[in-house]
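# Mind folding the following:
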Amino acid sequence: MRQLWICGIAWAVVFQPPADAATLRVPWDYSTLHAALDVAVAGDTVLVGPGTYSIYEKRQSPSGAWINAIAFLKTGVTVLSEAGPTVTIIHHYDPSGDAGFYAFGQEEVIVDGFTFTGEGRGGQFQFNFGGLCIVRNCVFENIGSGTTGRAMGGVMSDFEIYACAFRSIHGNASPGIFVTSCTLRIEDSEFEDISPGAVRCWYDDGWVHPISMQVRGCRFVGIGGAGSAIYTSAAGLAYQYPITIEDSWFEGCVNSGTGPGAVAMTSSEPQETRVIRSCTFVRNETASTSKGGALRLSTGASGSPVLVEGCTFFGNSEAIPWPDGGSAVHLADGPAILSNNVFVANTGVAAIGVASDASVETQCNVFWANPDGNANVSLDPTDLIADPEFCNAPANDFTVQSSSPCLPQNNPACTTLIGAWPSGCGAVSVETKSWGRIKADYRSKGE
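Below you'll find the model as predicted:
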């Protein structure tokens, strides 16, 4: 049986600086990151050779606070490793150190090709009150002392994160990524063995900054502790900004606190443009007194419904059998639309649970072998109780056989694919590549 995901990140750099830009080489031309960054100007590249970098300096930020960091990033400057993250290490180890890489009020910063590690307090990578920060091809691993430490954090900034790995991170709240009133885009990245929670987006109308979140082509495995793999919270005007989570894999995420294992969306206000699309949720669990094994959606009493479409839910569970709980999806309040999803072997309570303050429209979903029921509300006539005919669910192959009712040619009432995976069973070969590209290959071959 082939693997449906590939661990690891391919290292490739395409680098062509502007004609008038300078390349400052560490440690050949400058002995430390500090020395190179001090003379760099917008458009320059600090090119960093193999080695471990752990020299701190203390400097005053524009806010007046004194920060102890290994590198102070600058507007318009790219910090690029020469040989990739395997051999280029930022070791933020000092419990008195505030950060590995730090920036306050900077713009257009690019960091590419480093491993960040260590038990230093604060964040390995902290970017506050700035413009766009792009992080590519980086690894964040073995971080945190159990009470402090975080991979990435930011306030009122714009983040784009591509092809990064976050693993073995244990610290304070959501020690993978924690941002407040930021735009956050994460693509083709991996999160594994992180607690409590992996990604937390806190939206607060006290911070005047456009906000949104996009997660695409990512993989979340073994996220634990008192937190969900992805947690979003909005207050005030934050509801006006969108959230999209798509083409991503959530497996074995167990929340021992309040909330679901995989994704929590909460808000006291009506929501706009919230979408969970083409994702796979496998054996996620809310393990304490909460509701929603994989998803818990609280989207305000009115406004646009949150849309969950084209997803596969397999083997998710809820520990406490609340009457309105949901072993796969719990709708706490507000409207929702559940369309073209597959729910199989979800246990503890009904696969879909709808509270009295919530409303749901269902259409073209497939339910099978959910021992505690399919939903605590009436289903649409287009919803089916039928075997989806997975190719090999125990081995995490959720592609379907050619006779599956999930395929539009076998289900005239529904005109598009049901679930996250098309026809498969050995039909598609996979080369080593990111999770997002693997998923795109499968979807393009079989629908």
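# Can you report phi and psi for E187?
Main-chain dihedrals, E187, degrees, to the nearest 10: phi -130, psi 140.
# count of neighbours near it?
By other C-beta atoms under 10 Å, 20 other residues sit near E187. C-betas here are computed from N, CA, C, even on glycine.
# what's the distance between the longest strand belonging to the chain and the middle of its chain?
For the chain, the strand with the greatest residue count under DSSP state E is strand 329-339. Distance of strand 329-339 from the chain centroid (C-alpha atoms, centre = their mean, to the nearest Å) equals 20 Å.
# Then stretch 371-378?
29 Å.
# same question, stretch 164-176
Put simply, stretch 164-176 sits 11 Å off its chain's centre (C-alpha atoms, centre = their mean).
# For that stretch, buried residues please.
Across stretch 164-176, burial judged by 16 or more other C-beta atoms under 10 Å covers 164-167, 169-172, 174-176.
# Show me the contact partners of the longest strand of the chain.
Strand 329-339 is contacted by residues 260, 266, 270-271, 291-292, 294-310, 313, 318, 324, 351-355, 357-365 when judged by C-beta atoms under 8 Å, 6 or more residues apart in numbering.
# Okay, and the closest residue to L73 other than its chain neighbours sits in which element?
Among residues not flanking L73 along the chain, A103 sits closest, at 3.9 Å (C-beta to C-beta, 6 or more residues apart in numbering). Assessed by DSSP states H and E, A103 sits inside strand 99-104.
# packing partners for that strand?
Strand 99-104 is packed against strand 66-72, strand 88-91, strand 115-118, strand 123-128, with contacts defined by 3 or more C-beta pairs under 8 Å, 6 or more residues apart in numbering; DSSP states H and E.
# Pull up the pairing partners for the third one, direction included.
Each strand pairing with strand 115-118, determined using DSSP bridges, is listed with its direction: strand 88-91 (parallel), strand 139-143 (parallel).
# Give me the angle between the longest one and strand 99-104.
Orientation note: strand 139-143 sits at an angle of 120 degrees relative to strand 99-104 (axes from the mean of the first three to the mean of the last three C-alpha atoms, to 10 degrees).
# And strand 139-143, what's buried?
For strand 139-143, by 16+ other C-beta under 10 Å, it's 139-141, 143.
# Which strands or helices does the very next helix or strand once past that strand pack on?
Next helix or strand after strand 139-143 toward the C-terminus (DSSP H and E): strand 150-155. On a contact count with 3+ C-beta pairs under 8 Å, 6+ apart, strand 150-155 meets strand 123-128, strand 139-143, strand 165-170, strand 177-180.
# quick one on the thing from earlier: just the contacts of strand 329-339: which are in strands?
Per DSSP E, the contacts of strand 329-339 map to strands at 266, 295-298, 306-309, 313, 318, 352-354, 358-363.
# that older thread, can I get the helices and strands packed on strand 99-104 in JSON lines with distance to S189 and mean neighbour count?
Shown next, in JSON lines, are the helices and strands packed on strand 99-104 (distance: least, C-beta to C-beta, whole Å; neighbours: other C-beta atoms under 10 Å):
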{"stretch": "strand 66-72", "distance to S189": "22", "mean neighbour count": "21"}
{"stretch": "strand 88-91", "distance to S189": "18", "mean neighbour count": "21"}
{"stretch": "strand 115-118", "distance to S189": "14", "mean neighbour count": "24"}
{"stretch": "strand 123-128", "distance to S189": "14", "mean neighbour count": "28"}
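# Is G149 in contact with I143, as I believe?
Yes: the criterion here is C-beta atoms under 8 Å, and G149 meets it with I143 at 5.3 Å.
# Find the helix or strand that L37 is a member of.
Remark: L37 resides in helix 33-39, with elements defined by DSSP H and E.
# quick one: average confidence on that helix?
Here helix 33-39 scores 97 as its mean pLDDT.
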